[in-house]
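Asker: heads up, no residue letters with this:
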């Protein structure tokens, strides 16, 4: 691929339009680094709008380079070691370590045909197309972002803000160039000072002075630091992320021969990266004995806790949703949605709810409550005000407009005073963000293109039949592999008639939740045809999920994700949740707070299950996956095996730990993983329990942690240590993230000064006996702490229920429990079900 | 500019006196400037973006603020002022300084109490005196070395530090002394200066005074300088410019807010007043964000 760029005309080339119908401009000039993307549009058959949306999805950071370079580090206090993740000399290990997908167009400097000859030229990272220009601006102003050359698709007919093109400048999409990991982008840092960098690191291509560990003066029990903490050091690049950083994946129909060296035709944009260790990336600069590392770094590959940054103190990693056959996805009519809608004028309207962009011709929005037909998106359907807005919110998830719009609304975990800003979340204001952040407008004005991409052929189902046919065609271009061939092969493995039998089992056992056909909703399961094609879309008609909410206690799976609270009234993403969502009654079977629309999981799609194991929202049902990188410092599974003794949650000894499965995106690898995961799903009594345990004591600190250099004593502050073991039982790592330490601290204080108020509240929540017990313990702790400066740790160890239950947002422990539906089926029925689902 | 040259410059600098910065009348009354309504709870405070849009400050408003009358405001009012400021230029030269407690505060320097988030009854306070001492010597006079992006603190009296054994002296690293306004002062606690994130208001950058890696800076001496560093109190200050010559600061210990402070240079204030009143414009070294800052100048 590099050769292609060496041969390419200097800055721009002219390519034919990907598809004649709806094409924007058949002579469109394409930025050099966009060539593979335009080729992909042609390969997938995307029209101009879909192709524009694809490019945005893959490349647009919308200004979050400042978030990933400054805000997360300085404001949130979490360090990313971008060099550790992106260093070009470990390009071959990147997928195994971080699950990142290498950009096929990039290369390691010094390798044959790589335009950069030395790592010093690229400051240690890959060389990627566009860097011939970008590198000139490291340490300088004046870089012209490649997004400025973005060719917009024609405005949609009937756009309220049209027909005049009033879209925000495409420059504000901010593409930069690839870092070598797809979806992760780089920008030249104008503040970079080469002389200072070389003084710190020894040479331009090294980061060892910047990211090298500096032991704490007080000893090894304190986390080591590094200059990553030093805001005065400006790295050569600002690093941003596109939505694709989590959603770009390998194509199950055409997997790479070598996952570390994929080709463009192996890449898909919407299926979700099942191997991504985004959480570990986000804390890659933190020591493992920090609170931050413990809170982030226990998501399974392919999952991430999207409320780790806008933290709601509910530990809840979830998978990147596979976006498949979206035109067939169920929608829900009549939901009450308060949101901003495009209008042609604000005449006669008041400012807070109607706003027109200055300098534009009636480019206005009005906020109003209406009934709408919407999707249910996110695990519990929380993003429920419309598909466009759900896409819009993804950009905040990845850090865009953070400074202008939302970091001021976050919880500061260190603020313990309920009167101080930062004690808790406040709602993000979409109208304010539209007004104040040009990157927001750049994305918003093109959301329809991204949605068109979602609806495009790139999201079409990737059936096992087609994958196997592709395999055969690699050897014989004329080879075919029909559905009947697949069925025949499946029945060799699962028994004669297994597929037909499995279809009946599925209809009668699963379709109640996992079918989008109206007959299923009506309980008419016998008539269901799961393979029929929708005449309008040409896609399989059944989405194999109804997206309706189901009480988490009914599903029984790890419930913390369902207790996620960011879409509740008063919380940061309030404006992205519908009133209908928030009106859902709480699950009556839970003891944890479950109001405000929480405590549900939507019934997900089972399309292409063969390619998307392991299962459940946390990827916990099925084998554990691991990358087994050569650099053992990045062997994250080895740091945290998860199989425990179900009796006491103690970690099983190494010899009893089932081996993790190495990443294998091949057709055979996916199918083998699917079968093992189906086996685990349908035999819940045989699942070895999994719990992500603390592997060391973790201390939460409210207020400063100090050492004065003379007596090695902690001077001032308020610290709570969560022991790795309480009463002989291991402690779930999620306990740290779920512990409502602020409420606990406030209650502790109030128990001393306003005991009656605290008692009334505790009795109301927990009942008379338990409420009084809690208050007595709070008072006891206060006395013990007053008499013993470090008494809090011991005081809590004596009362572990306070940490694990009373002040926990979620006290579920077994991560692979639940969804026991089908466990009573016969073994033959289970085999049949496994065979049938492999055909969908 | 080298440390030595700056010391000489300081020695000849015009006298600057914080208390003499403004008249007594202005100092005794809170500045009459607009604020958004607020409540006690954290979520009853106005969003800064809306505050700035609805209640912009004028340049005249900024000249109603004195280093003393800020202490007559509530903390929320101080925060609302800070949020409506920009970083301005990274300062150069000597500034007088003082910390202040908002209205309702004790007025007595007890960092060891407030560092725990006001949770006095639960505070682990083993060596609070040392922390209180830090408060008495930091956030006073400072010297900015703009070109080197360095700052040092001016300490008039080493006695309290020596009393608790926190000053190391040796021939290989002698204490640096300067004379300001006829008084000997010692330069201690070196810190980095850079543009960075405000821990209160992310909409635009602040000037950061960061002691985390003080041990990497020229002139560092382990005691007492490490007390402010990453293994000590981990002090990090941020400042924004009220007007040329006057900066409002927020001090953090290990990322927890502890106290407000002001930095003032009378000569710069007086020299820049006429122009700033007229234009409302000054140099900006840091990222100013994308929300339009509404600062109404007299001439506009």
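Answerer: Received, thanks. Every value quoted in this text rests on a predicted model; they were computed, and no experiment measured them.
Asker: where does pLDDT dip in the stretch 151-300 of chain B?
Answerer: For the stretch 151-300 of chain B, residues meeting the criterion pLDDT under 70 lie at B:164-165, B:296-300.
Asker: quick check: longest strand of chain B.
Answerer: What stands out as the longest strand in chain B, according to DSSP state E, is strand B:183-196.
Asker: which residue packs closest to residue B:292, ignoring adjacent ones?
Answerer: Closest residue to residue B:292 apart from its sequence neighbours, by Cβ to Cβ, 6 or more residues apart in numbering or on different chains: residue A:436 at 7.9 Å. Glycine gets a C-beta too; all of them are placed from N, C-alpha and C.
Asker: these two touch, right, that neighbour and residue B:291?
Answerer: Yes. Applying Cβ atoms under 8 Å, one finds residue A:436 in contact with residue B:291, separated by 3.9 Å.
Asker: which residues do those two both contact?
Answerer: Counting by Cβ atoms under 8 Å, 6 or more residues apart in numbering or on different chains, the shared contacts of residue A:436 and residue B:291 are A:404, B:49, B:203.
Asker: name the nearest residue to the first one, sequence neighbours excluded.
Answerer: Spelled out, it's residue A:404. residue A:437 (4.2 Å).
Asker: quick one: the helices in the stretch 551-700 of chain A?
Answerer: For the stretch 551-700 of chain A, applying DSSP state H, counting those that start in this stretch gives helices covering A:552-555, A:579-582, A:636-639, A:667-682.
Asker: would you map the helices across chain B?
Answerer: B:3-11, B:24-28, B:48-54, B:59-63, B:75-83, B:111-114, B:128-137, B:159-163, B:222-225, B:266-279 (DSSP state H).
Asker: near chain B, which residues of the stretch 451-600 of chain A are found?
Answerer: Applying Cβ under 8 Å from any Cβ of the partner chain, one finds that the stretch 451-600 of chain A approaches chain B through residue A:570.
Asker: for the residue lying closest to residue A:308 once chain neighbours are set aside, grab the count of nearby residues.
Answerer: Using Cβ to Cβ, 6+ apart and skipping the chain neighbours, the partner closest in space to residue A:308 is residue A:296 (5.5 Å). The tally of other residues near residue A:296 (other Cβ atoms under 10 Å in any protein chain shown) stands at 25.
Asker: quick one: contacts for residue A:296?
Answerer: Residues near residue A:296 by Cβ under 8 Å, 6+ apart: A:78, A:279-280, A:282-283, A:286, A:305, A:308.
Asker: what do you get for residue A:487?
Answerer: Neighbouring residues of residue A:487 by Cβ under 8 Å, 6+ apart: A:499, A:839.
Asker: so residue A:765 makes contact with residue A:774?
Answerer: No. Contact between residue A:765 and residue A:774 fails when scored by Cβ under 8 Å: they sit 9.1 Å apart.
Asker: who has more neighbours out of those two?
Answerer: Legend: neighbour count by other Cβ under 10 Å for residue A:765 and residue A:774, higher for residue A:774 (25 against 13).
Asker: and that one, what element?
Answerer: If you go by DSSP states H and E, residue A:774 is part of helix A:768-787.
Asker: quick one: name whatever helix or strand follows that helix.
Answerer: Once the chain leaves helix A:768-787, the next helix or strand it forms, by DSSP H and E, is helix A:791-797.
Asker: mind checking how far whichever helix or strand comes after that following helix is from the chain centre?
Answerer: Scanning forward in sequence from helix A:791-797 by DSSP H and E, the next helix or strand is helix A:800-801. Computed by Cα atoms, centre = their mean, to the nearest Å, the chain-centroid distance of helix A:800-801 equals 31 Å.
Asker: what lies in contact with helix A:800-801?
Answerer: A:726-727.
Asker: now do that helix, average pLDDT.
Answerer: Per-region confidence: helix A:800-801 scores 86 on mean pLDDT.
Asker: which helix or which strand is home to residue A:342?
Answerer: Here residue A:342, judged by DSSP H and E, is contained in strand A:332-343.
Asker: adjacent strands (with direction) for that strand?
Answerer: Using DSSP bridges, strand A:332-343 pairs in its sheet with strand A:364-374 (antiparallel).
Asker: in the partner strand, what counts as buried?
Answerer: Buried residues in strand A:364-374, counting neighbours by 16 or more other Cβ atoms under 10 Å in any protein chain shown, are found at A:364-367, A:372, A:374.
Asker: now tabulate the residues you listed in a markdown table and tack on pLDDT.
Answerer: What follows is the buried residues of strand A:364-374, written out as a markdown table (pLDDT from 0 to 100):
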| residue | pLDDT |
| --- | --- |
| A:364 | 97 |
| A:365 | 97 |
| A:366 | 98 |
| A:367 | 97 |
| A:372 | 97 |
| A:374 | 97 |
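Asker: quick check: which ranges of the stretch 1-150 of chain B have low pLDDT?
Answerer: For the stretch 1-150 of chain B, the stretches flagged by pLDDT under 70 are B:1-23, B:104-132.
Asker: who touches stretch A:488-499?
Answerer: Residues from elsewhere that reach stretch A:488-499 (Cβ under 8 Å, 6+ apart): A:468, A:487, A:502, A:828, A:831-832, A:834-836, A:838-839.
Asker: contacting residues for the residue of chain B positioned farthest from its centre?
Answerer: Distance from the C-alpha centroid of chain B, by Cα atoms, centre = their mean, peaks at residue B:171 (32.2 Å). Counting by Cβ under 8 Å, 6+ apart, residue B:171 touches no other residue.
Asker: tell me how far it lies from chain A.
Answerer: From residue B:171 over to chain A the distance is 22 Å, taken as Cβ to the nearest Cβ, to the nearest Å.
Asker: what ranges do the strands span in chain B?
Answerer: If you assign secondary structure with DSSP E, the strands in chain B sit at B:57-58, B:93-100, B:124-125, B:142-145, B:150-155, B:176-180, B:183-196, B:206-210, B:235-243, B:246-253, B:256-264, B:295-296.
Asker: which of those strands sits most buried?
Answerer: Across these, averaging neighbours per residue (mean count of other Cβ atoms under 10 Å in any protein chain shown) puts strand B:206-210 on top, at a mean of 27.
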